[in-house]
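S.K.: mind looking at a prediction? Sequence and model below.
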Amino acid sequence: YNGTSWTEENNLNVAQQGLAGAGISTFAVEFGGKNPGAPNVATTEMWDGSSWTETTDMSTARGDLGGFGLGTAAVAAGGIPSSTATEEFAHQILTYTPAAWATGGTLNTARKSMAGMGSQPAALVAGGYPAPKTITEEYNGSTWSEVGDLNAMRYSTAGAGTTEAGLVMGGVTTSDANTDDCEEFNGTSWTEVNDMPGAKNQHMSAGTQTAALAGLGETGTALVATAFEYDGTNWTAGGTANTARSQIAGAGTQTAGLAYGGAAPGTSATSE
């Protein structure tokens, strides 16, 4: 995504949905996921701006997990089976050291389908399932601690920004209804802000609290290819992706975004 339109890129090597990711549009990593009727996977692939390459698997196979950070320093947290497990990914550029995952701190509350934001040494996860949660936890590079709760319960949501300026957008509420509701985090507490132009869940996200992207996803009855852009106050319509998908991972910024994998409705390896 270049801030206006989506361009189709080379596919993932392994089609999957419920995966997670981290990084920027020219250097990203995807990990975990699942295939309908098949076990969760521990697959990890790296993106160099043009193609995906398989690398070291995670220690624990899981889907619907949270992911955030950089292509060289990512975090995987929670997921199916309902888990508190956290793994850290480290990749050294310009060396012959292979990428590797290492066990990180354990979440206080097991959950899946939550929003993730921040970087490996300073991250947040918010919301999640089962029993749509308001719980927010902050990661300091080694341990998780609970901070201010969301105002509204939600899962299958998405996040952007940092631990001091976070954003959660859309998702599914406690009544299993899609929501367009959004909240901003100031490092201590969450505040409700302007809604997205439409309600959706299981969408990708990228960017910051003042320049965020919410792309693709589903409305509960249909897959969508639309993208919404946030300027810190208002949401506007962005470019439309080539392939509508949900359960999708994202990385990058509002004007240099990357969306990959998902369900379309079959498990997809598509990257844009």
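M.R.: Here it is on my side, so go on.

S.K.: OK, contacts around Thr270?
M.R.: With contacts taken as Cβ atoms under 8 Å, 6 or more residues apart in numbering, Thr270 has the following neighbours: Glu8, Asn11, Leu12, Thr243, Arg245, Tyr260, Gly261, Gly262, Ala264. (C-beta placed from N, C-alpha, C; glycine too.)

S.K.: so which of those belong to strands?
M.R.: Within the contacts of Thr270, membership in strands is found for Tyr260, as judged by DSSP state E.

S.K.: which of the contacts of Thr270 count as buried?
M.R.: Leu12, Thr243, Arg245, Tyr260, Gly261, Gly262, Ala264 (16 or more other Cβ atoms under 10 Å).

S.K.: distance to Gly159 added to these, as a markdown table?
M.R.: Compiled in a markdown table, the buried ones among the contacts of Thr270 are given as follows (distance: Cβ to Cβ, whole Å):
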| residue | distance to Gly159 |
| --- | --- |
| Leu12 | 22 |
| Thr243 | 23 |
| Arg245 | 19 |
| Tyr260 | 17 |
| Gly261 | 17 |
| Gly262 | 17 |
| Ala264 | 23 |
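
S.K.: pretty sure Lys34 contacts Asn40?
M.R.: Yes: at 4.8 Å, Lys34 and Asn40 qualify as touching, with contact defined as Cβ atoms under 8 Å.

S.K.: so what's Gly166 closest to, chain neighbours aside?
M.R.: Leaving out its chain neighbours, the residue that sits closest to Gly166 by Cβ to Cβ, 6 or more residues apart in numbering is Phe185, at 3.6 Å.

S.K.: shaky segments in the stretch 1-150 of the chain?
M.R.: Under the criterion of pLDDT under 70, the regions of the stretch 1-150 of the chain flagged as low confidence span 38, 82, 92-97.

S.K.: so where do the strands sit in it?
M.R.: 20-24, 27-31, 44-47, 52-55, 66-69, 73-77, 86-90, 100-103, 115-119, 122-126, 136-139, 144-147 (DSSP state E, counting those that start in this stretch).

S.K.: of all these, which one is nearest Leu216?
M.R.: For Leu216, the closest of the strands of the stretch 1-150 of the chain is strand 20-24, at 13.5 Å, according to Cβ to Cβ.

S.K.: in TSV, list the strands of the stretch 1-150 of the chain along with mean neighbour count and distance to Ala212.
M.R.: Shown next, in TSV, are the strands of the stretch 1-150 of the chain (neighbours: other Cβ atoms under 10 Å; distance: least, Cβ to Cβ, whole Å):
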stretch	mean neighbour count	distance to Ala212
strand 20-24	26	15
strand 27-31	26	17
strand 44-47	23	21
strand 52-55	16	25
strand 66-69	27	14
strand 73-77	27	19
strand 86-90	22	23
strand 100-103	14	28
strand 115-119	25	10
strand 122-126	26	14
strand 136-139	24	17
strand 144-147	15	20
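
S.K.: roughly how far is stretch 164-173 from the heart of the chain?
M.R.: Mean C-alpha position of stretch 164-173 versus that of the full chain (Cα atoms, centre = their mean, to the nearest Å) differs by 11 Å.

S.K.: my guess is Ala122 contacts Asn140. True?
M.R.: Yes: under the criterion of Cβ under 8 Å, Ala122 makes contact with Asn140 at 6.7 Å.

S.K.: tell me how many other residues crowd Ala165.
M.R.: Applying the criterion other Cβ atoms under 10 Å, we find 17 residues in the vicinity of Ala165.

S.K.: for it, give me its contacts.
M.R.: Neighbouring residues of Ala165 by Cβ under 8 Å, 6+ apart: Glu184, Phe185, Asn186, Gly187, Thr208, Gln209, Thr210.
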